[in-house]
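Undergrad: coords please:
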Amino acid sequence: TIQKKEELVAYGLPVEKAPSLKENETKHLEADQYHKMMAQPNTVIIDVRNHYEAAIGHFQPPPGGAEFIDPKVRNSHELPKWLGMPETQ
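TA: Predicted structure coming up:
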């Protein structure tokens, strides 16, 4: 059975606040493009995986490259709270 879901990952956001998949302007990066972006200083990488997954490993940008942020969330429901914190703004 196939069911329509409002969210692909359960962030616990109300539908009106969740990004629309139809209006999403992000683009998929191939591995070589991702590595090039990591070398750029005006790039920010936010690891939205849970703390356990992020602790296993992540891509480390080179010195002078992208800023890497691990919000250290335990599950996806904590990400919206982290995004709304004053220090995150």
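Undergrad: Tell me how far Arg74 lies from His51.
TA: Applying Cβ to Cβ, to the nearest Å, the value for Arg74 to His51 is 6 Å. The way it works is simple: take the backbone N, C-alpha and C, and place the C-beta from them, glycine included.
Undergrad: err, Gly64, not the other one
TA: The gap separating Gly64 from His51 is 27 Å, by Cβ to Cβ.
Undergrad: And for Ser20?
TA: As judged by Cβ to Cβ, Ser20 and His51 stand 28 Å apart.
Undergrad: Between the two, which is the more surrounded one?
TA: Looking at Ser20 and His51 with other Cβ atoms under 10 Å, you find the greater number of neighbours at His51, namely 14 against 8.
Undergrad: can I assume the more buried one is in contact with Leu79?
TA: No: checked against Cβ atoms under 8 Å, the pair His51 and Leu79 is beyond contact range at 11.4 Å.
Undergrad: so what sits against both of these two?
TA: Residues touching both His51 and Leu79 (Cβ atoms under 8 Å, 6 or more residues apart in numbering): Val73.
Undergrad: Please enumerate the strands of the chain.
TA: 44-46, 67-69 (DSSP state E).
Undergrad: Output those strands as TSV; include the columns mean neighbour count and mean pLDDT.
TA: Shown next, in TSV, are the strands of the chain (neighbours: other Cβ atoms under 10 Å; pLDDT from 0 to 100):
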stretch	mean neighbour count	mean pLDDT
strand 44-46	13	91
strand 67-69	13	92
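Undergrad: Kindly state which of these is positioned closest to Lys5.
TA: Nearest to Lys5 among the strands of the chain is strand 44-46 (22.9 Å), distances taken as Cβ to Cβ.
Undergrad: Quick check: which helices or strands does the helix or strand of the chain with the lowest mean pLDDT pack against?
TA: Counting by mean pLDDT, DSSP states H and E, the chain has its least confident helix or strand at helix 51-56, which shows a mean of 83. Based on contacts counted as 3 or more Cβ pairs under 8 Å, 6 or more residues apart in numbering; DSSP states H and E, there is no element that helix 51-56 packs against.
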